[in-house]
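Enquirer: sequence? don't have it. structure:
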């Protein structure tokens, strides 16, 4: 029996994504005839049949006229009145397919602020077969049967245990705080339900709508009648280590007689040390003057040595201002979204699905450094999904790759706000060769790149020529041990119609690819 062809497989003759145009609209009755007529002037060909992506109606066209770029076609066609209902974009690999179909995704301003889609694209390309990263949420537990914690088989993606008496397997949440943190880190993305979690990557294909690169493990240490205290928290950290956690989220503060300090210090000496992400606190005060524990263990508290496996997080708002309630100080490492953050919530009756109503009781906005810390915990999980990092390497890289924000200057140590895309993609941006360039085989060519930020982890880089249709295939011309100076001369390998150059950090799996060019 003949295997039917996949109508959505991009034909080889349209593989050059720099020549592809994407159009999409949410309007069911949007006009197309005049657009097709206009595009025929540029020898536009249909790449794949038109399709629906969530509520988007999507069309793709290949611009066959070599005398014009996709950008020029867009600048000509998009302003026309007949195209008013459509959005026109150049095709960027995985870009459109990495936009989740979760109905509340557009309400998640914080994910767009930290450029989550650019991070998801890269992690989807590079995580390989690495097992999911365990992020332990030491808090009030979670609602394990929440609609957005259930996979396609209806099985919960959240596990956990209970330290708070009576200890056992019941980690059910009765405050909503732990459920909120869990949603930010690990809500199931691209399932047409609710929100998107940072650790659940939206990917193409009806049979595999997402990949979970982070598993949330709940350790319940408090409830509505028992606030968090140092002893159950310290025990929770040790349990997290036993569960294989690489990141612990600590969105609370306690009075600590000292053993919480030693618990955090102890898990830094394990064979696979653990990063603790601590919320700076919501009292609007300077943590240098009045310590907030464990966050202030980033500095010298009571004469102790600053903990190197801890990162302290303050909260910023949609305009990159420090939230009025957020603690601050020189022991605070960076900011992350913490005001009006949409996440999962407790509810008693299952909301209708699909689609999730905008005002479902299963979701609510929250504000606090707790939410900000969850963003950083998830960011650490994404880094660990693509390579192995020590806690200090994660902290230093997240701080270095964060956006330098004028409004935050003087609030935290570096005045920076988390940027997921910059963190997982690295600092490189290749400027030469340009798209469509023709390089002679066997010649010497000077690759040029710039650095968006100074990454402490990048000691040397490797440059390689790759097949643009299969970027894992190295064509040759590999040069390693190079300094991150922004330019390097390399030998061009044999002819190929679709090539790209990759500049890769030799210390970690972060890299940049050039635009597609031809080797003649």
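Expert: Happy to help now that I have it. Values in this document were obtained by computation on a predicted structure and should not be read as measured data.
Enquirer: Can you name every helix or strand that the host helix or strand of residue 512 contacts?
Expert: According to DSSP states H and E, residue 512 maps onto strand 511-513. Packed against strand 511-513 by the contact rule (3 or more C-beta pairs under 8 Å, 6 or more residues apart in numbering; DSSP states H and E) you find strand 428-432, strand 496-505. (Glycine included, C-beta is placed from N, CA and C.)
Enquirer: can you map out the helices along the stretch 101-250 of the chain?
Expert: In the stretch 101-250 of the chain, the helices defined using DSSP state H, counting those that start in this stretch lie at 109-113, 116-126, 177-186, 230-242.
Enquirer: mean pLDDT for the ones you listed: which is lowest?
Expert: Lowest mean pLDDT of those: helix 116-126, a mean of 90.
Enquirer: May I see the helices and strands packed on strand 511-513 organised as TSV, with mean neighbour count and mean pLDDT added?
Expert: Shown next, in TSV, are the helices and strands packed on strand 511-513 (neighbours: other C-beta atoms under 10 Å; pLDDT from 0 to 100):
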stretch	mean neighbour count	mean pLDDT
strand 428-432	17	94
strand 496-505	21	92
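Enquirer: Same list (those) but as JSON lines, adding distance to residue 184.
Expert: Formatted as JSON lines, those follow (distance: least, C-beta to C-beta, whole Å):
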{"stretch": "strand 428-432", "distance to residue 184": "28"}
{"stretch": "strand 496-505", "distance to residue 184": "28"}
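Enquirer: returning to what we had before: name every strand pairing with the strand holding residue 512 and say which way it goes.
Expert: Applying DSSP bridges to the sheet, strand 511-513 is found paired with strand 496-505 (antiparallel).
Enquirer: ok, residues contacting the strand it pairs with?
Expert: Identification of contacts with strand 496-505 by C-beta atoms under 8 Å, 6 or more residues apart in numbering yields 15-16, 426, 428, 430, 433, 439, 447, 449, 455, 457-458, 460-469, 471, 475, 484, 490, 510-519.
Enquirer: quick one on the thing from earlier: tell me which of the helices of the stretch 101-250 of the chain lies nearest to residue 370.
Expert: Shortest distance between residue 370 and the helices of the stretch 101-250 of the chain, using C-beta to C-beta, is found for helix 177-186: 6.5 Å.
Enquirer: one step back: now, the contacts of strand 496-505 that are in strands?
Expert: Members of the contacts of strand 496-505 lying in strands (criterion: DSSP state E): 428, 430, 439, 447, 449, 461-467, 471, 475, 490, 511-513, 517-519.
Enquirer: quick one on the thing from earlier: need the helices of the stretch 101-250 of the chain in TSV (columns: mean neighbour count).
Expert: Compiled in TSV, those are given as follows (neighbours: other C-beta atoms under 10 Å):
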stretch	mean neighbour count
helix 109-113	20
helix 116-126	23
helix 177-186	30
helix 230-242	20
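Enquirer: helix or strand right after the least confident helix or strand in the chain by mean pLDDT?
Expert: Among the helical and strand segments of the chain, the one scoring lowest on mean pLDDT, DSSP states H and E is strand 51-53, with a mean of 75. Going down the chain from strand 51-53, the next helix or strand is strand 56-63, by DSSP H and E.
Enquirer: buried ones in that next one?
Expert: 57-63 (16 or more other C-beta atoms under 10 Å).
Enquirer: Using JSON lines, lay out the helices of the stretch 101-250 of the chain together with distance to residue 386.
Expert: Shown next, in JSON lines, are these (distance: least, C-beta to C-beta, whole Å):
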{"stretch": "helix 109-113", "distance to residue 386": "19"}
{"stretch": "helix 116-126", "distance to residue 386": "5"}
{"stretch": "helix 177-186", "distance to residue 386": "17"}
{"stretch": "helix 230-242", "distance to residue 386": "22"}
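Enquirer: For residue 404, which of the ones you listed is the nearest?
Expert: Taking C-beta to C-beta, helix 109-113 is the member of those nearest to residue 404, at 14.6 Å.
Enquirer: can you list contacts of that closest one?
Expert: Residues from elsewhere that reach helix 109-113 (C-beta under 8 Å, 6+ apart): 105, 117, 196, 198, 318, 320, 337, 340-342, 371, 375, 417.
Enquirer: Apply 10 Å and report the result again.
Expert: For helix 109-113, contacts defined as C-beta atoms under 10 Å, 6 or more residues apart in numbering pick out 100, 105-106, 116-117, 119-120, 184, 189, 195-198, 316-320, 336-343, 371-372, 375, 403, 417-420.
Enquirer: filter those to the buried ones?
Expert: Among those, those that count as buried by neighbour count (16+ other C-beta under 10 Å) are 100, 105, 116-117, 119-120, 184, 189, 195-198, 316-317, 336-339, 341-343, 371-372, 375, 403, 417-420.
Enquirer: follow-up on the earlier one: any of the ones in strands among the contacts of strand 496-505 buried? List them.
Expert: For the ones in strands among the contacts of strand 496-505, buried by 16+ other C-beta under 10 Å: 428, 430, 439, 447, 449, 461-466, 475, 490, 511-513, 517-519.
Enquirer: Could you list everything residue 363 pairs with in the sheet?
Expert: Applying DSSP bridges to residue 363 yields these beta-bridge partners: residue 344.
Enquirer: What segments of the stretch 301-450 of the chain are helices?
Expert: Using DSSP H, counting those that start in this stretch, helices in the stretch 301-450 of the chain cover 369-386, 391-401, 420-425.
Enquirer: Out of those, which is the most enclosed?
Expert: Ranked by mean neighbour count, the helices of the stretch 301-450 of the chain are led by helix 369-386 with a mean of 28 (mean count of other C-beta atoms under 10 Å).
Enquirer: any idea of the angle that one forms with helix 391-401?
Expert: Helix 369-386 runs at 110 degrees relative to helix 391-401, counting by axes from the mean of the first three to the mean of the last three C-alpha atoms, to 10 degrees.
Enquirer: What angle do helix 116-126 and helix 369-386 make with each other?
Expert: Put simply, helix 369-386 runs at 30 degrees to helix 116-126, going by the same axes, to 10 degrees.
Enquirer: Helix 369-386 - what's its average pLDDT?
Expert: Here the average pLDDT along helix 369-386 is 98.
Enquirer: show me the contacts for the residue lying closest to residue 444 once chain neighbours are set aside.
Expert: The spatially closest residue to residue 444, leaving aside those adjacent along the chain, is residue 489, at 5.4 Å (C-beta to C-beta, 6 or more residues apart in numbering). By C-beta under 10 Å, 6+ apart, residue 489 lies in contact with 444-447, 463, 479, 482.
Enquirer: tell me which of those residues is nearest to residue 35?
Expert: Among the contacts of residue 489, and counting by C-beta to C-beta, the member closest to residue 35 is residue 447, at 38.4 Å.
Enquirer: The closest one contacts residue 491, doesn't it?
Expert: No: if you go by C-beta atoms under 10 Å, residue 447 and residue 491 don't touch, sitting 11.1 Å apart.
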